[in-house]
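[1] Model the following, please.
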Amino acid sequence: MSLDLDETLLQLDQVAQRLDLVRDDRQARLQRLVAAAAQVTSPDAKEKTRYPTGRGFLTAQVEDSLLGRYAPAALPGDWSVVSVDGSHIDVDRHIPISCYLINLGGCALTYGANPDARLFSRARLFSQDRDLYLTDPSNPAHEEAVTGPLLGLVRTVRELERLVEVVKECPPTLPTLALVDGSLVLWGLSGRGGGESRYASFVREAILQEGLLAALNDLRNLAQHRLLTLAAYTSLPRSTEVVNALRCCLCPHDLSQCRQSCSNRHSVHAPCDAANDLRDRDLFSASGGLEEGWRSPIYRTNSSVSRESYGEHQVHFYYLNVGEEIARVEVPQWVARDETLLSLGHSLILDQCRRGQGYPVAISEAHQQAVIGGGDRQMFRRMVAEALERRGLPVYTSEKERSKHLPWV
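    Residues are numbered from 1 along each chain as shown. Sure thing, here's the model as predicted:
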């Protein structure tokens with residue numbers, strides 16, 4: 001039987017009714033929180049957010065002030081924006097070849113006196129053991145299959161490596177924004193709630209040191225010889241790091257006690273309860289928050305993977321009012337501490353969002369070049385079968401997979 005839409009609609013109406021009942025209370029708490037935030041001094045905010053919090057309670061580290069706003073700088077006369085995105089087909093045990101495919105798409109857009117646009121897409125199939133498994137150099141018997149979430153991490157590294165290549169192809173005389181979708185933090189390498197990672201040290205070494213950080217080093221080195229800034233953009237962010245930092249600043253109890261009794265969504269203690277179930281974007285979109293085009297102060301994420309492994313690439317972030325929404329923008333430390341690069345990224349991202357009706361044009365175009373649609377995935381399976389048949393090799397699938405395509409009633 002297919003989805004019972006009538007029953008689902010009834011349940012959705014009940015959810016909407018419940019949200020309507022709590023809306024006024026939520027708005028009142030938000031205004032209370034904003035008013036309280038205005039009383040927090042910068043020295044107190046820096047001191048109380050110096051140390052990472054415990055499991056399930058991630059706070060931003062305040063670098064300048066808890067709240068504030070900064071206007072965008074003027075656009076340069078000519079500039080470039082490059083972006084790379086990726087999509088993949090995972091290893092499928094229902095087909096006779098162990099392989100995965102990564103499709104990297106992107107664009108290089110030039111603005112100013114000589115506008116130009118270059119779109120590209122490149123697919124690569126991985127089927128050898130060295131690609132399908134990450135192996136411990138000290139113990140070859142210890143290996144990790146590259147599939148599922150780990151394949152997602154590998155794809156992220158490939159995206160940044162391709163981004164380096166595209167930047168090198170851009171005119172070095174033009175100010176350039178290298179822009180990626182999502183986060184610079186490899187959250188999959190940190191344990192649940194900031195605990196121990198699920199992956200062995202050799203996996204982290206391959207993904208971080210040999211992959212992500214090597215690519216970030218290349219971008220930083222390029223930025224020493226040309227005007228280049230790097231940023232990652234998140235639309236409709238769900239982060240609560242700044243709200244949690246504010247909770248720590250307001251709590252009259254010892255911070256260790258606050259961390260034990262509070263979470264992102266719940267607290268029975270005032271004034272921490274004002275922050276319950278509020279996100280950072282709520283804070284900056286509230287009355288007295290960010291004006292359109294302006295950004296928040298810079299914060300540093302206390303994510304364990306960034307704090308412990310990224311070094312000079314530790315991830316910082318700010319919030320940007322692009323008009324249609326409050327977005328989260330992440331930058332590496334070498335961008336966060338260079339006012340020229342920080343301001344350039346701010347103004348060019350804002351311009352991208354205005355050209356893209358609320359979302360960066362470059363990221364949107366990169367996604368279009370990278371996406372693998374449902375039809376493409378089905379075609380890939382047929383191509384696998386045809387390639388085997390041409391060589392006289394057996395073509396087979398699991399009975400489970402076969403049953404999905406047969407009517408039974």
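[2] Across the sheet, point out what pairs with the residue lying closest to residue 170 once chain neighbours are set aside.
    Excluding its sequence neighbours, the residue lying closest to residue 170 (C-beta to C-beta, 6 or more residues apart in numbering) is residue 80, at 5.0 Å. To be clear about C-beta, it is placed using only N, CA and C from the backbone, and glycine gets the same treatment. Residues in a beta bridge with residue 80, per DSSP bridges, are residue 110, residue 176.
[3] roughly how far apart are the nearest residue to residue 280 once chain neighbours are set aside and residue 313?
    Of all residues not flanking residue 280 in the chain, residue 242 sits nearest, at 4.4 Å (C-beta to C-beta, 6+ apart). Residue 242 sits 21 Å away from residue 313, taking C-beta to C-beta, to the nearest Å as the criterion.
[4] So those two - more neighbours on which side?
    Just comparing residue 242 and residue 313: by other C-beta atoms under 10 Å the higher neighbour count belongs to residue 242, 28 against 22.
[5] That one contacts residue 281, correct?
    No: applying C-beta atoms under 8 Å as the test, residue 242 and residue 281 come out as separate, 9.5 Å apart.
[6] so what sits against both of the two?
    Shared contacts of residue 242 and residue 281 (C-beta atoms under 8 Å, 6 or more residues apart in numbering): residue 319.
[7] picking up where we left off before, please give me every residue in contact with the residue nearest to residue 280.
    Counting by C-beta under 8 Å, 6+ apart, residue 242 has contacts 60, 66, 280, 283, 296, 299, 319.
[8] and with 10 Å instead?
    Going by C-beta atoms under 10 Å, 6 or more residues apart in numbering, residue 242 touches 37, 49, 59-60, 62, 66-67, 278-281, 283-284, 296-297, 299, 317-319, 328.
[9] Also residue 282?
    Residue 282 makes contacts with 26, 27, 29, 30, 33, 34, 240, 243, 275, 289, 326, as judged by C-beta under 10 Å, 6+ apart.
[10] let's see 8 Å
    30, 243.
[11] ok, then the element right after the helix or strand hosting it?
    Element membership for residue 282 (DSSP states H and E) is helix 280-285. The helix or strand immediately downstream of helix 280-285 is strand 299-300, counting by DSSP H and E.
[12] Break down the stretch 1-150 of the chain into its helices, ranges please.
    Applying DSSP state H, counting those that start in this stretch to the stretch 1-150 of the chain gives helices spanning 5-37, 42-48, 129-132, 149-169.
[13] most tightly surrounded among those helices?
    Ranked by mean neighbour count under mean count of other C-beta atoms under 10 Å, the helices of the stretch 1-150 of the chain are led by helix 149-169, which reaches a mean of 19.
[14] Residue 312 touches residue 335, doesn't it?
    No: the pair residue 312 / residue 335 is not scored as a contact, 10.7 Å apart, by C-beta under 8 Å.
[15] What segments of the stretch 251-400 of the chain are helices?
    Counting by DSSP H, counting those that start in this stretch, the helices of the stretch 251-400 of the chain are 255-261, 280-285, 304-309, 333-336, 339-355, 361-370, 374-390, 399-403.
[16] Now render the ones you listed as a markdown table, adding mean pLDDT.
    What follows is these, written out as a markdown table (pLDDT from 0 to 100):
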| stretch | mean pLDDT |
| --- | --- |
| helix 255-261 | 63 |
| helix 280-285 | 92 |
| helix 304-309 | 91 |
| helix 333-336 | 98 |
| helix 339-355 | 98 |
| helix 361-370 | 98 |
| helix 374-390 | 88 |
| helix 399-403 | 50 |
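[17] between the ones you listed, which one is nearest to residue 92?
    Taking C-beta to C-beta, helix 374-390 is the member of the helices of the stretch 251-400 of the chain nearest to residue 92, at 7.8 Å.
[18] Can you name the residues in contact with that closest one?
    With C-beta under 8 Å, 6+ apart as the test, helix 374-390 has contacts from 89, 92, 95, 96, 97, 99, 101, 372, 394, 395.
[19] now do stretch 330-340
    63, 183-185, 216, 220, 223, 227, 229-232, 234, 298, 300-301, 310, 312-318, 341-342, 345.
[20] Buried ones among the contacts of helix 374-390?
    Among these, the ones that count as buried by 16 or more other C-beta atoms under 10 Å are 89, 92, 95, 99, 101, 372.
[21] For the fourth one, which non-adjacent residue is closest in space?
    Sequence neighbours aside, residue 127 is the residue nearest to residue 99 in space, at 3.9 Å (criterion: C-beta to C-beta, 6+ apart).
[22] ditto for the first one
    Nearest non-adjacent residue to residue 89, counting by C-beta to C-beta, 6+ apart: residue 101, 4.3 Å away.
[23] Go ahead and confirm that neighbour touches residue 92.
    No: judged on C-beta under 8 Å, residue 101 makes no contact with residue 92 at a distance of 10.3 Å.
[24] residues touching residue 295, list them.
    Shown in contact with residue 295 (C-beta under 8 Å, 6+ apart): 69, 70, 72, 318, 319, 320, 321, 329, 346.
[25] Was I right to think the fifth one contacts residue 281?
    Yes: under the criterion of C-beta under 8 Å, residue 319 is in contact with residue 281, at a separation of 6.9 Å.
[26] so what sits against both of the two?
    237, 326, 328.
[27] Now pLDDT too, for the residues you listed, in JSON lines please.
    Formatted as JSON lines, the shared contacts of residue 319 and residue 281 follow (pLDDT from 0 to 100):
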{"residue": "237", "pLDDT": "96"}
{"residue": "326", "pLDDT": "96"}
{"residue": "328", "pLDDT": "98"}
